[in-house]
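Student: just coords:
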């Protein structure tokens, strides 16, 4: 069996490792220089190239990592040619590619979320903020922004500055207080099963300070979230999938629900139309069910028969980024390991130069450690971080700390 993974970051590295455990031949397009040390990486720059490769090589599944190809309709093109895809259609992917669409869908279907207003352009949003100042407030760019199109602003100056970085529609949201968690629904458009809970750390610096990023680390499981599982499944996931199906755009693949647990209960912060990065790096090492069984259940509409089994261990993932990320940063710095490490390495923004790995992106790599509990896993991953060296290495030191210690 052959599986093609679309994408080239740490999430796709984690997917490749999980799928390869099933004795499957894995290809990653485009992958990166770090992934290429374990798996075959392909240069397939557009959907036409992917389609041509699939016609010649007959992969059992095409698994999508990032959101952009899904938002562009790659799954539609491939499925029309009879190629099984793990990922939604372009119309269903709008749940992530348009924040306004997602908020309107939640409002119409009584799905708990923050109150909001949508504006056609940043100038309209700016006028609203200036006429009715209320801080903090959440500002979201309507379209895809690689995890960086959201800002929690505390004052007028920061609000105006962030709006200047946006073009197109804007969503203004009520700021929610509580604690965050993430839950993924595995779905074939009809039935669904949910994964373990995970928690992402979006802010750049310790203590949840600094700008939003694509994610600086994650851990799994989140025991205190379990009390809310049934309510989230019944009040969030089920009506979301029902609403998309009623619109004629059934969602197939992995639906990510980013949630805030408030005093009133769980509320949706955002949806993603795919697995998260870095939550995937923390989640998949705990999965005992073969990933190919999940792919088969999704593509053959048998998710209702799927039995998910998980390790009793805990995992902690810490992202090592380039100094300056999520703003401007330099690249081309050699990556060295001063000693052998036991943590799993998931490569993201890396390239190869003269046979050596060098930095090439904002989030360079992540380390993932397992342990009998979160404290043990956390100790192991931070021990191994000391052995990774590159100029400008930045990471958060508080991933997976208990919430009262953040």
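Tutor: Thanks, I have it. The shown structure was predicted, so the numbers you read here are calculated from the model rather than taken from an experiment. Numbers count the residues shown, from 1 in each chain.

Student: Any idea how far apart the tips of stretch 182-195 sit?
Tutor: With CA to CA, to the nearest Å as the measure, stretch 182-195 spans 10 Å from end to end.

Student: Now that stretch: average pLDDT?
Tutor: Averaging pLDDT along stretch 182-195 gives 98.

Student: Numbering from 881 from now on, please.
Tutor: Got it, the first residue is 881 from now on, which makes the last one we talked about stretch 1062-1075.

Student: Which residue ranges make up the domains of this protein?
Tutor: Per the record, the chain has its domains at 882-966, 995-1054, 1057-1185, 1194-1285, by automatic domain parsing.

Student: Next, the distance between the ends of the longest one.
Tutor: Criterion CA to CA; first-to-last residue distance in domain 1057-1185 is 37 Å.

Student: between the domains of the chain, which gets the lowest average pLDDT?
Tutor: Mean pLDDT values for the domains of the chain show the minimum at domain 995-1054, a mean of 88.

Student: Can you name the residues that contact residue 1186?
Tutor: Residue 1186 makes contact with 1066, 1073, 1169, 1173-1174, 1177, according to CB atoms under 8 Å, 6 or more residues apart in numbering. All C-beta spots, glycine's among them, are computed from the backbone N, C-alpha and C.

Student: so how far is stretch 1157-1168 off the chain centroid?
Tutor: How far stretch 1157-1168 lies from its chain's middle: 11 Å, per CA atoms, centre = their mean, to the nearest Å.

Student: if we can go back for a sec, figure out which of the domains of the chain is closest to residue 986.
Tutor: domain 1057-1185 (6.1 Å; CB to CB).

Student: Please produce a markdown table containing the domains of the chain, extended by distance to residue 988 and mean neighbour count.
Tutor: Below are those laid out as a markdown table (distance: least, CB to CB, whole Å; neighbours: other CB atoms under 10 Å):
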| stretch | distance to residue 988 | mean neighbour count |
| --- | --- | --- |
| domain 882-966 | 22 | 20 |
| domain 995-1054 | 13 | 16 |
| domain 1057-1185 | 7 | 20 |
| domain 1194-1285 | 33 | 19 |
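
Student: closest to residue 1215 among the contacts of residue 1186?
Tutor: Nearest to residue 1215 among these is residue 1174, at 32.0 Å by CB to CB.

Student: That closest one contacts residue 1065, doesn't it?
Tutor: No - Residue 1174 is beyond contact range of residue 1065, at 11.8 Å (criterion: CB atoms under 8 Å).

Student: Excluding residues flanking it in the chain, which one is nearest the residue most central in space within the chain?
Tutor: With distances taken as CA atoms, centre = their mean, the residue of the chain nearest its centroid is residue 1156 (1.7 Å). Sequence neighbours aside, residue 1136 is the residue nearest to residue 1156 in space, at 5.2 Å (criterion: CB to CB, 6 or more residues apart in numbering).

Student: Just list the residues touching the one you found, thanks.
Tutor: 976, 1062-1064, 1151-1156, 1159.

Student: Just the ones of those in helices?
Tutor: 976, 1159 (DSSP state H).

Student: now the contacts of residue 1136 in a markdown table, with distance to residue 1207?
Tutor: Output for the contacts of residue 1136, formatted as a markdown table (distance: CB to CB, whole Å):
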| residue | distance to residue 1207 |
| --- | --- |
| 976 | 24 |
| 1062 | 25 |
| 1063 | 30 |
| 1064 | 30 |
| 1151 | 26 |
| 1152 | 23 |
| 1153 | 26 |
| 1154 | 25 |
| 1155 | 26 |
| 1156 | 22 |
| 1159 | 24 |
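
Student: which of the contacts of residue 1136 lies closest to residue 1225?
Tutor: Once CB to CB is applied, the member of those that ends up nearest residue 1225 is residue 1159, at 17.2 Å.

Student: Make sure that closest one is actually in contact with residue 1096.
Tutor: No - with contact defined as CB under 8 Å, residue 1159 does not reach residue 1096; the gap is 11.9 Å.
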